[in-house]
Each structure stands twice: as structure tokens, then as C-alpha cells.
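Q: I would like the atomic coordinates for the input below:
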Amino acid sequence: MTARAFIVLGWLALSAAAAAPSGDAQIRARAGRSEGVIKTTSRLAGAIDSFRWDGREFINSTDHGRQLQSACSFDNTPTANAETFNPTEAGSRLDHIGPKTTSRLLEIAATGNHLRTRTQMAFWLAPGERSEGQLARNTNTLSDYLLTKDVRLGGARWPQALDYRVTFTVPPGARHTYAQFEALTGYMPPEFEAFWQFNPATGKLEPLSDGPGEIGRPVVLATKDGRHAMGIFAPPQPQPGTALPGYGRWRFREHRVVKWNCVFRVRDAAGLRPGDFSYRMFVPFGSTEQVEAMLREWTALGAKLTSLD
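A: Residues are numbered from 1 along each chain as shown. As a prediction, this is how the structure comes out:
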């Protein structure tokens, strides 16, 4: 490569960096007895770094794999686990607790109670890194997989919830037969120590073991006194042929963090089509009684649940 080519490429890289939008933003809205506030940061390419309500922080944001965020993985096998090809919204494992991210924020808009971002996701592992002894399958640190999210904090009918919609864009030329979309995960402080599952037959929350892993029922994590809780619920999806989600929970005692997630899986032996895969979820918060009541109403509505208004 000539010196001139190096100069041109360097100028393009600097121009792209200069043009990148700031990821520091917030949205807020009155939510019952308190205001809810969501914050994003440039450190995480616009991923949600914080959600506060009623004097309580609901999100753990220590490294770049936590937060309230989305990720995906493809063609997972016993010898090629999810982390070995794992585009992740907030950044990579090597970003760790540092001030920067390998992911690239492309667009962000935050007005009132509405947040929208578009991010080119980093691979969780860098080329040559390993997860549980298994080598990364990606050859770049920055993937060509995009994540677009649209978040509304509260609505007229249900002010204590998030309307959370995501679209994963699989790039042209990508060839996969299996996709695992972690449409949303919430890493929370260890004080949210009580694990619950919502039983649609009884309309009640029931105790849930530490697992770890997924179940077929919505999951709720709460403080011991029940004053603060957050759950996850996915109604029937508008995208045809979407299978029911798995709802997961984990307790990482050594890292002082707990986690829930909502995962959709798509399989096609003939090959998945590149393009958009979209999912809609609702995140209730409040006391355990308030979260239980919302989950009961939403379950009864089913596919008729399309917004928080």
C-alpha cells in the first residue's frame, strides 16, 4: 500500500470517528410514585447504562457485557458456543470496564420518553480469543450486524413499563442455518435477589429457583421486600413464524450481579435469509404486586397488546 493510500485511509477513519454521534442521552417520564429515568452513554455505543426509579438503580453496568442491551449469535454447536460468534450492542469483552467501546453508534435520538438508536455491533470476542476453550469464529472485532432499538418509557395505560422493540439486521452474504437473538437482557444489582416466574394459569407470581437457564414463563427479579421489581414479557410477535421465546435467569454470586433475558431462536436448514429480524417486548417495573398485575393484564390481552397506551 502506498503512503498516499495510508493517508487517505487514515483521513477516512478520522472523519468517521468525528462524525459519530454522542451516545450520552436520557429520557424520562412520570411513572407512578416516582419519575423513571433512562440513560445511555458513548462508552456503550448508546446501550442503556442506567434505569432509575423510586431512588433505586435497576441496572448493573460494570463491563460491556452487562447493561440493558441486546445481542445475537449464530450456528451454535457443542464445540462452537454462542460467545464465539456473538455481535453485542454495548461492545466487546476486551472493552471490559474501560471508557470506550468497539461497537459503533450510527444514530441516536432521545426526546421526552422516547429513545431510538442504531448500532453496528462489536463481536464479543476478538479474533484469536477463546470462550470456555473454544476459539472465536469471527475474523474482525467490529461486525456487520446492526441493532436498531426503539424504547418508550411508560404510556397512558401502563406508565410503569418499557415498550421495547428491537430489529437485528443480518448483513447480505451472511450464511447461517441457526440464529439465537437475545432480544433483551437486563443485568441488575445483587439486591434484586428474589427470583419469580409468572404463572399464566393462576395469574400469580411463583418462586423461581436460581436455575440457571431458561423457562417458558415470564421472569421477574425483585428486592427481598418486594418494593422494587422488574420483569420481561413478550406478546405474540408480528413477524410471521416466530417461535415462543425463552425467558432466562442467572445469579452470578462471584460477580455480584443477577440477570434476566428474553431469547428468540430461528432455524432453517436451507439457510436463513439475511435482513431484518424484529421483536417486541414489554418490561414492567414497580413493586412485585404491580408487576404481577401488569403481567396478568398483558397475558389476557395476548396479541392485542401493541402499546402501553
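Q: Please state the offset of stretch 240-252 from the chain centre?
A: 12 Å (Cα atoms, centre = their mean, to the nearest Å).
Q: Give the buried residues for that stretch.
A: The neighbour-count check on stretch 240-252 (16 or more other Cβ atoms under 10 Å) flags 242, 245-251 as buried. For every residue, glycine as well, the C-beta is placed using N, CA and C.
Q: part of a helix, is T299?
A: Yes: counting by DSSP: H, G, I helix; E, B strand; the rest coil, T299 is part of a helix.
Q: How many residues are close by the residue nearest to it when sequence neighbours are not counted?
A: Spatial nearest neighbour of T299, excluding adjacent residues (Cβ to Cβ, 6 or more residues apart in numbering): P200 at 4.8 Å. Close neighbours of P200, defined as other Cβ atoms under 10 Å, add up to 14.
Q: how near is P200 to T242?
A: Counting by Cβ to Cβ, to the nearest Å, the separation of P200 from T242 is 18 Å.
Q: the strands in the stretch 51-200 of the chain, which residues?
A: 56-57, 68-74, 87-88, 104-111, 114-123, 130-131, 134-135, 142-153, 161-170, 178-188, 194-199 (DSSP state E, counting those that start in this stretch).
Q: which one of these is the most hemmed in?
A: Sort these by mean neighbour count, taking mean count of other Cβ atoms under 10 Å, and strand 87-88 sits at the top with a mean of 29.
Q: where does this protein dip in pLDDT?
A: Residue ranges of the chain with pLDDT under 70: 1-18.
Q: what about the helices in it?
A: Along the chain, counting by DSSP state H, helices occupy 3-19, 288-301.
Q: Please verify my assumption that the residue nearest to T299 contacts E297.
A: No: contact between P200 and E297 fails when scored by Cβ atoms under 8 Å: they sit 11.7 Å apart.
Q: check contacts around the residue nearest to E289 when sequence neighbours are not counted.
A: In space, and not counting its chain neighbours, E289 is closest to G226: 7.2 Å by Cβ to Cβ, 6+ apart. Going by Cβ atoms under 8 Å, 6 or more residues apart in numbering, G226 touches 194, 287-289.
Q: Nearest to V166 among the residues you listed?
A: Using Cβ to Cβ, T288 is the member of the contacts of G226 that lies nearest V166, at 26.1 Å.
Q: How much space separates the closest one from H114?
A: From T288 to H114 the distance is 28 Å (Cβ to Cβ).
Q: Could you report the neighbour count for K304?
A: 9.
Q: if we can go back for a sec, so which of the strands of the stretch 51-200 of the chain comes closest to V266?
A: strand 178-188 (4.6 Å).
Q: Which strands or helices does that closest one pack on?
A: Here strand 178-188 touches strand 68-74, strand 161-170, strand 257-267, strand 275-286, going by 3 or more Cβ pairs under 8 Å, 6 or more residues apart in numbering; DSSP states H and E.
Q: Report the buried residues of the last one.
A: The neighbour-count criterion (16+ other Cβ under 10 Å) identifies 277-286 as the buried residues of strand 275-286.
Q: what's the farthest-apart pair in the contacts of G226?
A: A194 and E289 (13.0 Å).
Q: Select, out of the strands of the stretch 51-200 of the chain, the one closest to E35.
A: Comparing these by Cβ to Cβ, strand 142-153 comes nearest, at 9.6 Å.
Q: show me the contacts for the residue lying closest to P274 once chain neighbours are set aside.
A: Nearest non-adjacent residue to P274, counting by Cβ to Cβ, 6+ apart: V170, 4.6 Å away. Neighbouring residues of V170 by Cβ under 8 Å, 6+ apart: 145, 176, 179, 272-277.
Q: ok, V170 to T88 distance?
A: Applying Cβ to Cβ to V170 and T88 gives a distance of 15 Å.
Q: next one: R217
A: 26 Å.
Q: Next: E292.
A: For E292 relative to T88 (Cβ to Cβ), the value is 32 Å.
Q: Counting only strands, which of the buried residues of stretch 240-252 make the cut?
A: Of the positions in the buried residues of stretch 240-252, 246-251 sit in strands, assigned by DSSP state E.
Q: can you name the two of the residues you listed that are farthest apart?
A: Spanning the widest gap among these are G246 and R251, at 17.3 Å by Cβ to Cβ.
Q: thinking T299 is in contact with N199, fair?
A: No: under the criterion of Cβ under 8 Å, T299 is not in contact with N199, lying 9.7 Å apart.
Q: count of neighbours near R227?
A: Here the number of neighbours of R227 (other Cβ under 10 Å) works out to 14.
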